[in-house]
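Engineer: Structure for the following, please:
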Amino acid sequence: MLLPISLPTTITVKTKTAATSTPRTTNTHKHRTTPFNSTLKSLCKWGNLDEALRLIESSKPTVIEKEEEEEGVSLFLHTCISRRSLEHGRKLHLHLLRSQNRVLENPTLKSKLITLYSVCGRVDEARRVFRIGHETPPEPVWVALAIGYSRNGFSHEALLLYRDMLTRCSKPGNFAFSMALKASSDSGNALVGRAIHAQIVKHDVGEADQVVNNALLGFYVEIGCFDEVLKMFEVMPQRNVVSWNSLIAGLAAQDRVSETLGAFRVMQGERMGFSWITLTTVLPMCAQFTALHSGKEIHGQILKSRKNADVPLLNSLMDMYAKCGEIGYCEKVFDRMRSRDLTSWNTMLAGYSTNGQINEALALFDEMIRSCIKPDGITFVALLSGCSHSGLTSEGQRLFTMMQDFGVQPSLEHYACLVDILGRSGKLDEALTVAENIPMRPSGSIWGSLLNSCRLHGNVPLAEIVAERLFEIEPNNPGNYVMLSNIYANAGMWEDVKRVREMMAMTGIKKDAGCSWIQIKHKIHIFVAGGSTDFRCSAEYTKIWNELSTAIKDLGYVPNTSVVLHDINEDMKATWVCEHSERLAAVSALIHTGAGMPIRITKNLRVCVDCHSWMKAVSEVTRRLIVVRDTNRFHHFENGTCSCKDYW
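Structural biologist: As a prediction, the model looks like this:
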């Protein structure tokens, strides 16, 4: 299933003129090419605004007709807006005021001057221009100031201005409607946005144009009313890239990955094309669900495009490859970027870190410093996390101390990494000291890191102290209860295990089920621990499972039932281990993909010790690369070894 809506392959539309950012008024006169306008046009085109301004200032009203003068001023203002030239716009404004020129009585020119001030962040000056002249300004002038308010983050003021426009009996048109809907979206005002929708339906200006329909679509996406998004999309008489982008953004916000990717394919099938915004919306979905096949298709679209990809898009592409475990492709994109921003470096660092290549991450950090790129807090989170999962305790402590040399103050996330670095290495007392002396109130992630270290090193007394603090901070987080229960179970303290589970039952807290997923062609297949009964009972599953079991047994693999933290017999423990979701996903991939193809699995929980051993053995007997992404990091299993070096 691609989409829950009908997507017609052909759409009959009425041709409309798309609206732009500055409202226009209809000019019934034909433009004439005169020496004045021709010279002014050339000066503006080449950005020679000083000469263009001198030409306007030296012109005589008796020589230049009003229409010609207005056309020249409009052209000059348009250039000032595109170049964000506040200085030249102010000089023109001052010239018109000094000469008592009545050119600004033209609503279009007044709107352009308001737009110039607003794009340069001068809202007060835009407001002063608005107040000059007309007692009741025409719609384009109202809309220009309202757009200026919205552009500068004053969405509430834009809506108040829209209200004032209505009370002055100024009839709203499509420009006003689209502006008000955008302001409603930005301010999250669902009630006002719906009221504007009702106005549009009742209004007698004729059919709402495409800009208004896109604004409606964007409004319902922004407030999370996805049913309304689907209704709007289906009834739109005409759709463009903006319409499809809104639909795709709405699907992505709902985490409907298959439908998001499906919508993108339908969009391409209708030869709609795409914008960079389309791709930067779809790529994070590919990253989130390890949909490498779809991500590579999008990379192909970028390479075939005639335009050069911008930095944000290439950053998204890098992030997709890193989160799909394809760090080699991530490197290639990074190396071929013509320009990079801080996010580019941080994405590459995080990719190395989560994929177990901490030495490469540290080398890149050194290169980053040599290139005079100043690191930020995200940079150090990536490095500290990588040190934690690689056992580089001394290096992690050095980096934590180094942060302040670059003006980066440690945040809770950095302290959580430091606690994790110390705790994993067995320095539990030092980790506790850091947690208790943090200059801000410790978060659940800090105590959670310490509780996990207690699990790794079997420190029950400290685990009980830490768990009590976690229960106060995060009383409804099932992971904390489950981890304490596991610590008790590892120590054989079954009465305490029972007590923790009774606490969970009394408060209605349920353990998250183990869940894994893989992408095969264009479809995401999801597996739940102990589930997929029909699949596990199928002949193809039984055949592959039996062959694997025999082969890995010959390698010396024996199930480690200690990971089943329940007081049951060994046979039942062995059965439960075999039903873990990542194993079901791996067998499904072996069945449905060709020999030698890499297998990529994503899991919502940490991979257990026995599944880790099982994956190593399977990678050796099948000669397949198996990449498993759990909540902590990537595990690249190849020829019987793992990239994490059994430290995770």
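Engineer: Which strands or helices does the host helix or strand of Asp366 pack on?
Structural biologist: Assessed by DSSP states H and E, Asp366 sits inside helix 358-370. Contacts defined by 3 or more CB pairs under 8 Å, 6 or more residues apart in numbering; DSSP states H and E place helix 358-370 against helix 342-354, helix 377-390. (Glycine included, C-beta is placed from N, CA and C.)
Engineer: Next secondary structure after the last one?
Structural biologist: Read that as helix 377-390. helix 393-402.
Engineer: Just the buried residues of the very next helix or strand once past that following helix, please?
Structural biologist: Scanning forward in sequence from helix 393-402 by DSSP H and E, the next helix or strand is helix 412-424. By neighbour count with 16 or more other CB atoms under 10 Å, helix 412-424 contains the buried residues Glu413, His414, Tyr415, Ala416, Cys417, Leu418, Val419, Asp420, Ile421, Leu422, Gly423, Arg424.
Engineer: Equivalent analysis for stretch 161-175, please.
Structural biologist: Result for stretch 161-175 [16+ other CB under 10 Å]: buried residues Leu161, Tyr162, Met165, Ser170, Pro172, Gly173, Asn174, Phe175.
Engineer: Let's see the distance spanning that stretch from one end to the other.
Structural biologist: Distance between the two ends of stretch 161-175: 14 Å, counting by CA to CA, to the nearest Å.
Engineer: Contacts for it next, please.
Structural biologist: With contact meaning CB atoms under 8 Å, 6 or more residues apart in numbering, stretch 161-175 is reached by 19, 23, 136-140, 142-143, 145-146, 149, 176, 179-180, 183, 199, 203, 205, 208-209, 211-212.
Engineer: From these, list the buried ones, please.
Structural biologist: Here, 16+ other CB under 10 Å leaves 19, 23, 137-140, 142-143, 145-146, 149, 176, 179-180, 183, 208-209, 211-212 buried among the contacts of stretch 161-175.
Engineer: And the next helix or strand past the helix or strand containing Gly479?
Structural biologist: Counting by DSSP H and E, the element that carries Gly479 is helix 478-490. Later in the chain than helix 478-490, the nearest helix or strand by DSSP H and E is helix 494-507.
Engineer: how about the next helix or strand after that next one as PDB, C-alpha atoms only?
Structural biologist: Downstream of helix 494-507, the next assigned helix or strand under DSSP H and E is strand 515-520. Taking C-alpha atoms only, strand 515-520 is exported to PDB below (Å, rounded to 0.1, in the frame of the first residue of the first chain):
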ATOM      1  CA  CYS A 515      10.800  -4.800  17.600                       C
ATOM      2  CA  SER A 516      13.000  -4.900  14.500                       C
ATOM      3  CA  TRP A 517      12.500  -4.000  10.900                       C
ATOM      4  CA  ILE A 518      14.100  -4.400   7.500                       C
ATOM      5  CA  GLN A 519      13.500  -2.900   4.100                       C
ATOM      6  CA  ILE A 520      13.100  -5.400   1.200                       C
END
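Engineer: who does strand 515-520 pair up with?
Structural biologist: Its sheet considered, strand 515-520 pairs with strand 523-528 (antiparallel), strand 599-603 (antiparallel) by DSSP bridges.
Engineer: what residues does that strand touch?
Structural biologist: Applying CB under 8 Å, 6+ apart, the set of residues contacting strand 515-520 is 289-294, 524-529, 581-582, 584-585, 588-589, 592-593, 599-605.
Engineer: do that again at 7 Å, thanks
Structural biologist: 289-293, 524-528, 581-582, 585, 588-589, 592-593, 600-604 (CB atoms under 7 Å, 6 or more residues apart in numbering).
Engineer: Can you give me the neighbour number for the nearest residue to Ile302 once chain neighbours are set aside?
Structural biologist: Of all residues not flanking Ile302 in the chain, Ala309 sits nearest, at 5.2 Å (CB to CB, 6 or more residues apart in numbering). Per other CB atoms under 10 Å, the neighbour tally for Ala309 reads 20.
Engineer: what does Lys202 give?
Structural biologist: Quick note: Lys202 (other CB under 10 Å) scores 7 neighbours.
Engineer: Show the pLDDT at it.
Structural biologist: At Lys202, the pLDDT value in this model is 83.
Engineer: May I have the residues that are in contact with it?
Structural biologist: Applying CB under 7 Å, 6+ apart, no residues qualify as near Lys202.
Engineer: Quick check: it vs Gly218, distance?
Structural biologist: 21 Å (CB to CB, to the nearest Å).
Engineer: same thing with Ile626?
Structural biologist: 42 Å.
Engineer: re the thing from before, for Lys45, state which of the buried residues of stretch 161-175 is nearest.
Structural biologist: Phe175 (27.2 Å; CB to CB).
Engineer: continuing past the host helix or strand of the closest one, what's the next helix or strand?
Structural biologist: Using DSSP H and E, the element containing Phe175 is helix 174-187. Remark: after helix 174-187, the chain's next helix or strand is helix 190-202, criterion DSSP H and E.
Engineer: hang on, the earlier thing: confirm the residue nearest to Ile302 sits in a strand?
Structural biologist: No: Ala309 is assigned coil when assessed by DSSP: H, G, I helix; E, B strand; the rest coil, not a strand.
Engineer: backbone phi and psi for it, please?
Structural biologist: Note on Ala309: backbone dihedrals following degrees, to the nearest 10 are phi -60, psi 140.
Engineer: State the number of residues packed around the residue nearest to Tyr488 when sequence neighbours are not counted.
Structural biologist: Leaving aside its chain neighbours, Tyr488 sits nearest to Asp496 (4.1 Å; criterion: CB to CB, 6+ apart). Here the number of neighbours of Asp496 (other CB under 10 Å) works out to 17.
Engineer: isn't Asp496 right next to Asn486, touching?
Structural biologist: No: counting by CB atoms under 7 Å, Asp496 does not reach Asn486; the two are 11.2 Å apart.
Engineer: Now for the closest residue to Thr641 other than its chain neighbours: which residues touch it?
Structural biologist: The shortest distance from Thr641 to any non-neighbouring residue, by CB to CB, 6+ apart, is to Lys616 (6.5 Å). When contacts are counted by CB under 7 Å, 6+ apart, Lys616 touches Phe637, Gly640, Thr641, Cys642.
Engineer: quick one: the strands in the protein?
Structural biologist: Taking DSSP state E, the strands of the chain run over residues 515-520, 523-528, 599-603, 626-629, 634-638, 641-642.
Engineer: Export those strands as CSV, with columns for mean neighbour count, distance to Gly458 and mean pLDDT.
Structural biologist: Formatted as CSV, those follow (neighbours: other CB atoms under 10 Å; distance: least, CB to CB, whole Å; pLDDT from 0 to 100):
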stretch, mean neighbour count, distance to Gly458, mean pLDDT
strand 515-520, 21, 28, 90
strand 523-528, 17, 30, 88
strand 599-603, 25, 24, 93
strand 626-629, 24, 25, 94
strand 634-638, 23, 23, 92
strand 641-642, 18, 23, 92
